[in-house]
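1. Need coordinates for the following:
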Amino acid sequence: MPLLFNDLRIEKGRLAVAVTFVSGTRIDGDLYVQASAHYPGAREDAPEILNASAPFFPLALRNGDTVLVSKDNVRTVTVSRSDVNDDETLGAPTKVEVALRDGERLSGSLIIEDLSGRGRVLDYLNRRHERFLILFGRESVLLINRALVERVRPIT
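-> Reported below is the predicted structural model:
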């Protein structure tokens, strides 16, 4: 029996985010999420979707439309802290200030997993190669496009 298109459908949930583009435009919408490939028993989270190798992701708009977003043109994505998988929070929170190319400064914590006995911000930045930095705030998580980062300053 031939497969029908609907036989290939993957059940997806939705995750509320705010996407800010390099142009300054902000869009509130939902990421489509499915079972996580990295976290058994959990759904994908925003860091997993944004740091996947695919150059685009779909974003469901509040009016019911869906747009396909180029990750290269995303400045930041904001998501609720409760919507980030627990594995992203394993490590020592290290306060930093991130300066973007346009002059904006963002503050929060990087979660640095100390594998080498030296949990330095420099080692974290050079060891991890994801497209988006994960900056934790009190209530939300900010995913920052690394290509737009000018400098990072640890706050002591």
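2. Every contact and neighbour count from this point should use C-alpha atoms.
-> OK.
3. what's the helix or strand for the most centrally placed residue in the chain?
-> Geometric centre of the chain, nearest residue: Pro47, 3.2 Å, by C-alpha atoms, centre = their mean. According to DSSP states H and E, Pro47 maps onto helix 46-50.
4. confidence score at the residue nearest to the centre of the chain?
-> For Pro47, the pLDDT comes out at 93.
5. Find the residue closest to Pro58 in space, skipping its chain neighbours.
-> Leu68 (4.5 Å; C-alpha to C-alpha, 6 or more residues apart in numbering).
6. Kindly apply the preceding question to Asn145 instead.
-> Phe132 (4.6 Å).
7. Please give me every residue in contact with the one you found.
-> Pro47, Leu50, Asn51, Leu143, Ile144, Asn145, Arg146 (C-alpha atoms under 8 Å, 6 or more residues apart in numbering).
8. Likewise for Gly91?
-> Neighbour list for Gly91: Ile111, Ile112, Glu113, Asp114 [criterion: C-alpha under 8 Å, 6+ apart].
9. Assign a three-state SS to the last one, would you?
-> When states are read from DSSP: H, G, I helix; E, B strand; the rest coil, the local structure at Asp114 comes out as coil.
10. Look up how far Arg120 lies from it.
-> 8 Å (C-alpha to C-alpha, to the nearest Å).
11. again with the second one
-> Here Ile112 is placed at a distance of 8 Å from Arg120 (C-alpha to C-alpha).
12. for the third one, same thing?
-> Between Glu113 and Arg120 the computed distance is 9 Å (C-alpha to C-alpha).
13. one step back: tell me which of Ile112 and Arg120 has more neighbours.
-> Ile112 (20 against 14; other C-alpha atoms under 10 Å).
14. Contact partners for that one?
-> Listed by C-alpha under 8 Å, 6+ apart, the contact set of Ile112 reads Leu90, Gly91, Ala92, Pro93, Thr94, Gly119, Arg120, Val121, Tyr124.
15. and the first one, what does it touch?
-> It refers to Leu90. Applying C-alpha under 8 Å, 6+ apart to Leu90 gives the contacts Ile111, Ile112, Glu113.
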